[in-house]
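>>> I would like to see how this sequence folds:
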Amino acid sequence: MAEKRITYKIQDLGGIGEVQIADEVVAIIAGLAATEVNGVASMAGNITNELVSKLGMKNLSRGVKVTVLVVTVDLNLNIEYGKNILETSKKVQEKVKSSIENMTGLEVADVNIHIASVDMENEKGK
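Residues are numbered from 1 along each chain as shown. From the prediction side, this is the model:
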């Protein structure tokens, strides 16, 4: 049985048709925006921007949960060792909110950050 996709109706073009966007697209936007912030090592599930091109966009939505109506985003992140968690989280929240709102026109009510782990990868070489 195929998984049911949730879509958002973002525009009704007055009799011409409507524009709908899948929740997975919103999750991908959120995941891309989050991994662009300095201090975010990856999404929980080890998805980084570098891996997106190899694995495909669908994998970027791992670690992201999107709730319908007014958008609520839950992100599971791996933070880089030595980075300020509060500052990095605030930057992720701002970036994800603005990216989703600018690209889709949907209103983002909450961007909840869950730190899954600390990435010690960069500390090994020091």
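>>> how near is Ile100 to Ala109?
Distance, Ile100 to Ala109, by C-beta to C-beta, to the nearest Å: 11 Å. Just so you know, the C-beta spots here come from the backbone N, C-alpha and C atoms, and that holds for glycine as well.
>>> need the residues touching each of these two.
Contact with both Ile100 and Ala109 is made by residues Val71, according to C-beta atoms under 8 Å, 6 or more residues apart in numbering.
>>> those two: which has the busier surroundings?
Shown here are Ile100 and Ala109; by other C-beta atoms under 10 Å, Ile100 has more neighbours (23 against 12).
>>> so that one touches Val108, yeah?
Yes - counting by C-beta atoms under 8 Å, Val108 is a contact partner of Ile100 at 5.1 Å.
>>> what's the overlap in contacts for the two?
Common neighbours of Ile100 and Val108, using C-beta under 8 Å, 6+ apart, are 71, 73.
>>> okay, buried residues for stretch 98-115 please.
For stretch 98-115, burial by neighbour count (16 or more other C-beta atoms under 10 Å) applies to 99-100, 104, 106, 108, 111, 113.
>>> quick one: which of the residues you listed sit in helices?
In helices, judged by DSSP state H, the following of the buried residues of stretch 98-115 are found: 99-100, 104.
>>> pipe those into JSON lines and attach distance to Ala41 and pLDDT per row.
Output for those, formatted as JSON lines (distance: C-beta to C-beta, whole Å; pLDDT from 0 to 100):
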{"residue": "Ser99", "distance to Ala41": "19", "pLDDT": "96"}
{"residue": "Ile100", "distance to Ala41": "22", "pLDDT": "92"}
{"residue": "Thr104", "distance to Ala41": "26", "pLDDT": "87"}
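>>> just those residues now: which is nearest Ala30?
Nearest to Ala30 among these: Ile100, at 6.2 Å, using C-beta to C-beta.
>>> at which residues are the strands of the chain located?
7-12, 18-22, 40-43, 64-67, 71-80, 108-119 (DSSP state E).
>>> highest average neighbour count across these?
Most buried of the strands of the chain by mean neighbour count (mean count of other C-beta atoms under 10 Å) is strand 40-43; its value is a mean of 24.
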